[in-house]
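Asks: Structure, please.
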Amino acid sequence: MRKINKLFVLYQIERAQDPILNMNTERQIFDLPLGSTVALIRFWISEQSAVIGKFQNEEFELNLNYIRARNVPVIRRFTGGGTVYHDPGVLNISFCKSVRINLFSRYVFEEVREITSLIGSVLSEMGSIRVFATERGALFIGDRKILGSAVAVSKNNFFYHASLLVDADLEELHRIILWEEKYPDQAQKYVKSVRSKVCNLSSVCKGLSITEIAQKIVERFASIMNAKVCAVKNLQAVYDLLEGNRNLE
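Replies: Next up is the predicted model:
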């Protein structure tokens with residue numbers, strides 16, 4: 001039985017990047033020819049933006065008047081799920097592997113829940129707090145949500161990404177996202193977000209940095225998979241390494 005033996009890690013957290021560029025990178029990762037022995041985890045932050053799910057309608061999810069007045073970008077993901085807010089205080093975590101390799105379960109949503117739980121366990125240990133995962137692949141501290149996730153699956157790859165509120169501008173989040181969104185009855189084809197109270201991880205865990213959180217999550221993923229960690233500078237380096245792996249097979 002084949003297993004993941006190498007974990008590529010792409011850190012893009014030194015500064016916030018263009019949200020459109022970030023989402024394009026996500027799509028490129030989803031399309032990578034990873035094969036059955038390689039996985040990739042990416043950490044990234046975006047400039048202020050609103051990101052809606054593949055099957056959502058921005059008119060019913062966002063305060064468009066406010067967004068347009070301030071030129072806040074609105075990005076549509078290729079994954080499902082609900083609307084999220086991005087700014088430099090939000091750590092985004094992406095994980096991609098072969099669809100033929102299961103970390104925890106062969107069922108997609110169980111895999112999502114367990115990956116989310118893994119991230120939650122890291123945060124719990126780092127902050128000495130109770131962080132728990134829901135069936136929907138979210139993380140909560142008490143009744144406050146700190147992370148939401150979404151997934152996409154192709155014939156080749158399983159792709160998971162999540163947004164963690166570390167030190168986000170929650171006032172802006174509430175101005176940009178409609179907190180009592182109302183979809184008309186004829187809009188049943190759209191996916192409606194499930195709103196929750198939110199908080200920043202920094203409000204209950206003082207002193208945790210985005211870099212430290214990312215490093216601890218990598219350690220946990222590598223331990224679970226018993227995989228060698230290989231840090232890469234960009235996606236081109238990933239392509240080159242994957243080509244090298246194929247030449248050795």
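Asks: Surely W179 and R195 touch.
Replies: Yes - under the criterion of Cβ atoms under 8 Å, W179 makes contact with R195 at 6.0 Å. Every C-beta, even on glycine, is put in place using the N, C-alpha and C of the backbone.
Asks: quick one: which of the two has more around it?
Replies: Comparing W179 with R195 by neighbour count (other Cβ atoms under 10 Å), the higher total belongs to R195, at 14 against 11.
Asks: can you give me phi and psi for L208?
Replies: For L208, the backbone dihedrals (degrees, to the nearest 10) come out as phi -80, psi 130.
Asks: Check the average confidence over the longest helix along the chain, would you?
Replies: Across the chain, the longest stretch assigned as helix under DSSP state H is helix 108-127. Across helix 108-127, pLDDT averages out at 96.
Asks: which helices and strands sit right next to that helix?
Replies: The elements that helix 108-127 packs onto, with contact taken as 3 or more Cβ pairs under 8 Å, 6 or more residues apart in numbering; DSSP states H and E, are strand 132-133, strand 139-141, strand 144-153, strand 157-165, helix 210-225.
Asks: Name the strands paired with the second one and say parallel or antiparallel.
Replies: Within its sheet, strand 139-141 is paired with strand 132-133 (antiparallel), strand 144-153 (antiparallel), according to DSSP bridges.
Asks: And the longest helix of the chain, what's buried?
Replies: Residues of helix 108-127 classed as buried by neighbour count (16 or more other Cβ atoms under 10 Å): 111-120, 122-124, 126-127.
Asks: Name the nearest of these relative to V84.
Replies: T116 (14.2 Å; Cβ to Cβ).
Asks: all helices for this structure, in order.
Replies: 19-30, 58-61, 64-69, 108-127, 170-176, 210-225, 235-248.
Asks: Tell me which of these sits nearest to V99.
Replies: Judging these by Cβ to Cβ, what sits closest to V99 is helix 108-127, at 9.0 Å.
Asks: and for the closest one, what are the contacting residues?
Replies: Contacts to helix 108-127, defined as Cβ atoms under 8 Å, 6 or more residues apart in numbering, come from residues 93, 95, 102-105, 129-135, 137-139, 146-147, 149, 151, 153, 158, 160, 162, 164, 201, 204-205, 208, 212-213, 216-217, 220-221, 224.
Asks: Would you mind listing which of the residues you listed are buried?
Replies: For the contacts of helix 108-127, a burial check counting by 16+ other Cβ under 10 Å picks out 93, 95, 102-103, 131, 133-134, 137-139, 146-147, 149, 151, 158, 160, 162, 164, 201, 204-205, 208, 213, 216-217, 221.
Asks: Show me the shaky parts of this structure.
Replies: 1-2, 181-192, 245-249 (pLDDT under 70).
Asks: from the chain's centre, how far out does stretch 151-164 sit?
Replies: In terms of Cα atoms, centre = their mean, to the nearest Å, the centre of stretch 151-164 is set 9 Å apart from its chain centre.
Asks: Please read the previous query as pertaining to stretch 70-79.
Replies: Relative to its chain's centre, stretch 70-79 lies at 15 Å (Cα atoms, centre = their mean).
Asks: Can you point out the buried residues in it?
Replies: Neighbour-count burial for stretch 70-79, counted by 16+ other Cβ under 10 Å, picks out 72-75, 77, 79.
Asks: same deal with stretch 215-233?
Replies: Within stretch 215-233, the residues scored as buried using 16+ other Cβ under 10 Å are 216-218, 221-222, 225, 227, 232.
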